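In: Need the 3D shape of this:
(chains A and B)
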Amino acid sequence: MFAGFDFDVIHRSLPYLFKEGMTFTLTLTALAMSGGIVFGTLLAMMRLSSFAPLSLLAGGYVNLMRSIPLVLVIFWFYFLVPWIGGWAIGANQPIQVGAFWSSVVTFTLFEAAYYCEIMRAGIQSVPRGQVSAGYALGLNYWQTMGRIVLPQAFRNMTPVLLTQTIILFQDTSLVYVLSITDFLGAAAKVAQRDGRLIEMYLFVALVYFVISFTASYCVRRLQARIAIIR
Amino acid sequence: MKYNWNWGIFWDPAPDGAGVYFSWLISGLGWTIATALAAWIIALAVGTVVGTLRTTPVGWVVKLGDAYVELFRNIPLLVQMFLWYFVLPELLPKALGDAMKQLAPPWGSYWPAVLCLGFYTSARVAEQIKAGILSLPRGQTMAATALGLTQPQAYRYVLLPMAFRIVLPPLTSEFMNIIKNSAVALTIGLVELTARARAMQEFTFQVFEAFTAATVIYILLNIVIVLAMRHLEKRVAVPGFIGSATGLQAGH
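Out: The predicted structure is shown next:
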């Protein structure tokens, strides 16, 4: 089966694949994860708010994002971000937004909906009495959240947040639809240039598998270590 | 800065001469549903078998099932799509591979997409089925054995019917995931709903109308599925037995 394989094409393109492609993928993953967790946590706080318009707004946003395909969201933001940017700075025409920042915005806003659901479960996992105790001590909402509830929520949810990040890492491959040179995009370009589809795509699958499998193994180890026995 | 809205665009004749742009979207919706349903059959069948095998007491079978799930979970869907579409025909015997490559246009990308989505989702269904079976009290297996049922019979008549009812809610979201994930098939040339909206945008430059329409259609589809599944849940519910859905999981 491997008789006609050209392993050299992989060897030749390694610098390109990892220096350009994997760097893009990992940068995008890291930025979207940080932005997504921050925005997702805010969304979760909004969803749990007792002020109805706020919780309805957040709930609507999360449900909307969760019911349409990521590919469609990528297309949406690719065209929407320049218009919103132009509108925000009062320009006469849509501004130029590079493919990189467009995808950072897309993945941040999309994954925030998923991080929100995780953080909502995390916040709800903190016993109600702790919030009351915080208020009884005279702390305000932000102090109670920031000092008491969120640290515990993050601790409880760290494994799930990390698992979601592994999924985000795999999802970033979808920027392929915008012809961006991420890891898969780089491999696809080499594959089409050299007519070596089999070698390149199998190699890409292997790399993604090794990274995701190792990461999820580490998450499982971490989960066993930090679990709080109640 | 002004965007020229034109909601009447859906009733303009489409360039292929076969109808209006609206009928493009509906045909896209048809392909989305056809892909999702066919893939769901594979996912449910394979997922149930793998999920069941992972709860048996036979060590190597469990390991094999775990490996299957890890394999499909740790490779991005888009990469799997390329493997089914570009790589598989080359690795098969030549006659079969050539036959796959020469399928007439919609089918040439339809079947790889169905297989890809089916097996990808089967790994996730297997996880849910396993969780469902493991959430049953151990006494049920023992009672089945005490009644003289063989192990396959215990699964068939006691464990699986109960487990399926418990995992109905997560299975519903897996089915909605298949519908959403079918949009990835546009990369291998399947003209489903998202691809239709994208093509409409390219021909008319009415970006936001086209994407809004696709978004609304996806939301309506989701609502229909949720309602249908709620109905199904009520119909199959066993009185006095409140199944607990499995806990929170990361996912899409």
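
In: can we go C-alpha only for contacts and neighbour counts from here?
Out: Will do.

In: Check the offset of the lowest-mean-pLDDT helix or strand in chain B from the chain's centre.
Out: Lowest on mean pLDDT, DSSP states H and E among the helices and strands of chain B sits helix B:94-101, with a mean of 82. The gap between where helix B:94-101 is centred and where its chain is centred comes out at 26 Å by C-alpha atoms, centre = their mean, to the nearest Å.

In: can that helix be found next to chain A?
Out: No - contact of helix B:94-101 with chain A (C-alpha under 8 Å from any C-alpha of the partner chain) is absent, the minimum separation being 12.0 Å.

In: buried residues in that helix?
Out: Residues of helix B:94-101 classed as buried: B:100, B:101 (neighbour count, 16 or more other C-alpha atoms under 10 Å in any protein chain shown).

In: Just after that helix, pick out the following helix or strand.
Out: helix B:105-134 (DSSP states H and E).

In: Okay, now the unreliable bits of chain A?
Out: A:1-3, A:228-230 (pLDDT under 70).

In: for it, longest helix please?
Out: The residue-count maximum for a helix in chain A (DSSP state H) belongs to helix A:197-226.

In: counting contacts, what elements does the least confident helix or strand of chain B pack onto?
Out: In terms of contact count using 3 or more C-alpha pairs under 8 Å, 6 or more residues apart in numbering or on different chains; DSSP states H and E, helix B:94-101 is assigned the packing partners helix B:88-91.

In: what packs against the helix it packs on?
Out: Using 3+ C-alpha pairs under 8 Å, 6+ apart: helix B:88-91 touches helix B:94-101.

In: And the contacts of the helix it packs on?
Out: Identification of contacts with helix B:94-101 by C-alpha atoms under 8 Å, 6 or more residues apart in numbering or on different chains yields B:88, B:89, B:90, B:91, B:108.

In: and residue B:7, how many neighbours does it have?
Out: The tally of other residues near residue B:7 (other C-alpha atoms under 10 Å in any protein chain shown) stands at 12.

In: per-residue confidence for it?
Out: pLDDT, residue B:7: 86.

In: residues from chain B in reach of chain A?
Out: B:1-2, B:70-71, B:74-80, B:82-83, B:86-87, B:90-91, B:176, B:180-181, B:183-184, B:187, B:194, B:198, B:207-208, B:211, B:215, B:218-219, B:222, B:248-252.

In: which among the residues you listed end up buried?
Out: The neighbour count (16+ other C-alpha under 10 Å) marks B:70-71, B:74-80, B:82-83, B:86-87, B:90, B:176, B:180-181, B:183-184, B:187, B:194, B:198, B:207-208, B:211, B:215, B:218-219, B:222, B:250, B:252 as buried among these.

In: Not counting its neighbours along the chain, what's nearest the residue nearest in space to the middle of chain B?
Out: Centroid-nearest residue in chain B: residue B:178, 2.8 Å away (criterion: C-alpha atoms, centre = their mean). Spatial nearest neighbour of residue B:178, chain neighbours left out: residue B:36 (5.7 Å); criterion: C-alpha to C-alpha, 6 or more residues apart in numbering or on different chains.

In: Look up which helix or strand the one you found falls in, please.
Out: helix B:21-53.

In: Would you mind pulling up the elements that that helix packs against?
Out: Contacting helix B:21-53 under the criterion 3+ C-alpha pairs under 8 Å, 6+ apart are the following elements: helix B:59-73, helix B:105-134, helix B:168-181, helix B:193-204.

In: how big is the angle separating the longest helix of chain A from helix B:59-73?
Out: Counting by axes from the mean of the first three to the mean of the last three C-alpha atoms, to 10 degrees, helix A:197-226 lies at 110 degrees to helix B:59-73.

In: Return the set of buried residues in helix A:197-226.
Out: For helix A:197-226, the neighbour count (16+ other C-alpha under 10 Å) marks A:197-201, A:204-205, A:208-209, A:211-213, A:215-216, A:219, A:223 as buried.

In: Quickly check: it near chain B or not.
Out: Yes - applying C-alpha under 8 Å from any C-alpha, one finds helix A:197-226 touching chain B at A:197, A:198, A:201, A:202, A:204, A:205, A:206, A:208, A:209, A:210, A:212, A:213.
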